[in-house]
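Peer 1: Below are the sequence and a predicted model for it; my questions follow.
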Amino acid sequence: MSTLIQPWASRGQRLVSTRAFILINKVNVTPARSSLATFSSLPALHQRIVADFRSDTLTKPTDAMIKEVMLNASRGDDVYEEDEAVRSLEHHVAQLAGHEAGLFCASGTMTNQLAFKASLLTPPASILCDRRSHVYRYEAGGLASHSQLTVNPVQAVANKGHHITVQDLEREFVGDDGDVHMAPTRLISLENTLDGTVMPLQEVQAIRRFANENNVRLHLDGARIWNAAVAAGCDLKDYTQEFDSVSLCVSKGIGAPIGSVLVGDKGLIKKARHFRKMFGGGWRQAGGLAAAAHWCIDNVWPTMKETHGLARHLAEGIERVGRGASIYQPVESNMVFLDLAGSGVLLRDLSKKLLREKGIRIGNEDAAEGQTQVRLVLHWQINREAVDDFIEVVGVLAEASAREGRVSSGNDGENSNNKKQQSVYGRR
């Protein structure tokens, strides 16, 4: 009923279990010899398939990651700054990003909020960010609660809404001209990738110049900046050195069990460490988590190009067999935004059939009938056969819908991008 995969073979060579999501806590996987030069000097690690497309946060630590990496990690106290693995990770990420210092924290939400809190110590102040950004929509109002910031969300108008530009920022910028009715813009926050799309480096550099000219700080929510650098074909540092502070998540595409690293200058990180403690975020023996994150940066990050290729394969396959199913965002990294409206297929039916027959999970098993859109996120533990299984199921359902003459109420010529879109997190 289940087959196993070789951990470091190329994706095309990996063997697949269509029931892996169901069996994930029951199957022991035998390690195999690496076929990638990148990993040729590494011990073979047990790999379990995770057929879960809801998010790249849903990768599972392998048994060997726990036994061979985390178990052997240092066990000092991070609040006292005495853990070697944590210090090593913070230094490593700071060096990769071209910054002086780093701070390992529990989540990207925490590192974003610490960056804002440590950067803007004297309200009144306002922040500019893309209206779609995580810091604005999905961090529980932390900007107002923690930092007393007014948020001026920016609509991306230029470049067909792909990313915000200097021109977009200029429309919402509030100068410090002495008007006591206003909260001057003190910080600009960018996100890269955003909904899987990559902000061009030249645009980041133009915004950096704009920030300098107006004496405001620039922050990057780089939860998936690892993906952006791979997709753009540049060094991570090319992007990250343009910012005063950067949050780099290690539990998404990087595949670590937990965590995010904030980088910046030494003064910023010292202040952020103080606020982390105030937030209740000081953690003690965090070395095992840091060691796993360090290992994943060195060994999972190089697989991202393959993951991005699989995302394109999924998108192309769905549009080929989906009979009106469409991809409504450019596929530039590891995300595929699917709209079933034109196919007559119900999202809940797709979700249930994928889970029941293929062991693939996308959430939304109880989605409302009119809900047609879903975000699909690929990661290092999804392989080619799982993607092909996904495409197959879409094709079967779309063909059945066409035979029955079913057309979704959403198939009225309305552009999917103009619809009111649900949370990217969907329903679990």
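Peer 2: Yep, that arrived. Numbering: from 1, shown residues only.
Peer 1: ok, which stretches of the stretch 51-200 of the chain are strands?
Peer 2: In the stretch 51-200 of the chain, the strands defined using DSSP state E, counting those that start in this stretch lie at 101-105, 126-130, 150-154, 185-191.
Peer 1: Can you add mean neighbour count, mean pLDDT and distance to residue 288 and give these back as CSV?
Peer 2: Backbone N, C-alpha and C define where each C-beta goes, glycine included. As requested, the strands of the stretch 51-200 of the chain are exported to CSV (neighbours: other CB atoms under 10 Å; pLDDT from 0 to 100; distance: least, CB to CB, whole Å):
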stretch, mean neighbour count, mean pLDDT, distance to residue 288
strand 101-105, 25, 98, 12
strand 126-130, 24, 98, 34
strand 150-154, 18, 97, 36
strand 185-191, 25, 98, 29
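Peer 1: Could you export these as CSV, including distance to residue 64?
Peer 2: Shown next, in CSV, are the strands of the stretch 51-200 of the chain (distance: least, CB to CB, whole Å):
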stretch, distance to residue 64
strand 101-105, 22
strand 126-130, 39
strand 150-154, 43
strand 185-191, 33
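Peer 1: Mind checking those strands for the one nearest to residue 351?
Peer 2: Evaluated with CB to CB, those place strand 185-191 nearest to residue 351, the distance being 27.3 Å.
Peer 1: Following the chain onward from the closest one, which element is next?
Peer 2: Following strand 185-191 in sequence order, the next helix or strand is helix 201-213 (DSSP states H and E).
Peer 1: Tabulate the CA atom coordinates of the very next helix or strand once past that next one in PDB.
Peer 2: Toward the C-terminal end, the helix or strand that comes next after helix 201-213 (DSSP H and E) is strand 217-222. This file holds the C-alpha atoms of strand 217-222, laid out as PDB (Å, rounded to 0.1, in the frame of the first residue of the first chain):
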ATOM      1  CA  ARG A 217      13.700  52.700   7.700                       C
ATOM      2  CA  LEU A 218      13.100  49.700   5.400                       C
ATOM      3  CA  HIS A 219      12.100  46.300   6.700                       C
ATOM      4  CA  LEU A 220      11.700  43.000   4.800                       C
ATOM      5  CA  ASP A 221       9.300  40.300   5.800                       C
ATOM      6  CA  GLY A 222      11.500  37.700   4.200                       C
END
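Peer 1: Name the strands paired with strand 217-222 and say parallel or antiparallel.
Peer 2: strand 185-191 (parallel), strand 245-249 (parallel) (DSSP bridges).
Peer 1: orientation of the shortest one relative to strand 101-105 in degrees?
Peer 2: Between the axes of strand 245-249 and strand 101-105, defined by axes from the mean of the first three to the mean of the last three CA atoms, to 10 degrees, the angle is 40 degrees.
Peer 1: Now tell me what touches strand 245-249 from outside.
Peer 2: With contact meaning CB atoms under 8 Å, 6 or more residues apart in numbering, strand 245-249 is reached by 93, 97, 99, 107-108, 111-112, 115, 118-119, 217, 219-226, 240, 259-264, 268.
Peer 1: Which elements pack onto the next helix or strand after that strand?
Peer 2: Remark: after strand 245-249, the chain's next helix or strand is strand 260-264, criterion DSSP H and E. Applying 3 or more CB pairs under 8 Å, 6 or more residues apart in numbering; DSSP states H and E, one finds that strand 260-264 contacts helix 84-97, strand 101-105, helix 108-119, strand 245-249, helix 266-278.
Peer 1: Tabulate those (CSV), appending distance to residue 383.
Peer 2: Shown next, in CSV, are these (distance: least, CB to CB, whole Å):
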stretch, distance to residue 383
helix 84-97, 27
strand 101-105, 30
helix 108-119, 26
strand 245-249, 23
helix 266-278, 37
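Peer 1: what number of residues lie near the closest residue to residue 116 other than its chain neighbours?
Peer 2: Excluding the flanking residues, the one nearest residue 116 by CB to CB, 6 or more residues apart in numbering is residue 147, at 4.7 Å. Look at residue 147: counted by other CB atoms under 10 Å, it has 21 neighbours.
Peer 1: Mind pulling up the pLDDT for residue 147?
Peer 2: On the pLDDT scale, residue 147 is placed at 95.
Peer 1: Can you tell me how far it is from residue 118?
Peer 2: As judged by CB to CB, to the nearest Å, residue 147 and residue 118 stand 9 Å apart.
Peer 1: give me every residue that touches the most centrally placed residue in the chain.
Peer 2: Central residue of the chain (CA atoms, centre = their mean): residue 224, 4.4 Å from the mean position. By CB under 8 Å, 6+ apart, residue 224 lies in contact with 56, 192-193, 196, 249, 252-253, 333-334.
Peer 1: Could you list the domains of this structure?
Peer 2: For the chain, the structural domains run 1-49, 84-299, 304-412, going by automatic domain parsing.
Peer 1: which stretches of the protein have low pLDDT?
Peer 2: 1-50, 407-428 (pLDDT under 70).
Peer 1: What are the boundaries of the helices in the stretch 301-428 of the chain?
Peer 2: Taking DSSP state H, counting those that start in this stretch as the test, the helices found in the stretch 301-428 of the chain are 304-321, 347-353, 384-404.
Peer 1: list the contacts for residue 174?
Peer 2: Counting by CB under 8 Å, 6+ apart, the residues that residue 174 touches are 126, 152, 182-185.
Peer 1: Look up how far residue 209 lies from it.
Peer 2: 19 Å.
Peer 1: same deal with residue 362?
Peer 2: Residue 362 is 41 Å from residue 209, by CB to CB.
Peer 1: Mind checking which of those two has more residues around it?
Peer 2: residue 362 (23 against 11).
Peer 1: Quick check, that one in contact with residue 376.
Peer 2: Yes: Residue 362 is within contact range of residue 376, at 6.4 Å (criterion: CB atoms under 8 Å).
Peer 1: shared neighbours, those two?
Peer 2: residue 53.
Peer 1: if we can go back for a sec, need the winner for burial among the helices and strands packed on strand 260-264.
Peer 2: strand 245-249 (a mean of 29; mean count of other CB atoms under 10 Å).
Peer 1: Extract the CA atoms of that strand and return them as PDB.
Peer 2: What follows is strand 245-249 as a C-alpha-only set of coordinates in PDB (Å, rounded to 0.1, in the frame of the first residue of the first chain):
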ATOM      1  CA  SER A 245      16.100  44.700   9.200                       C
ATOM      2  CA  VAL A 246      15.100  41.400   7.800                       C
ATOM      3  CA  SER A 247      12.900  38.600   9.100                       C
ATOM      4  CA  LEU A 248      13.900  35.200   7.600                       C
ATOM      5  CA  CYS A 249      11.700  32.300   8.400                       C
END
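Peer 1: what angle do that strand and helix 84-97 make?
Peer 2: 120 degrees.
Peer 1: Report the distance from strand 245-249 to the chain centre.
Peer 2: On the basis of CA atoms, centre = their mean, to the nearest Å, strand 245-249 sits 12 Å off its chain's mean C-alpha point.
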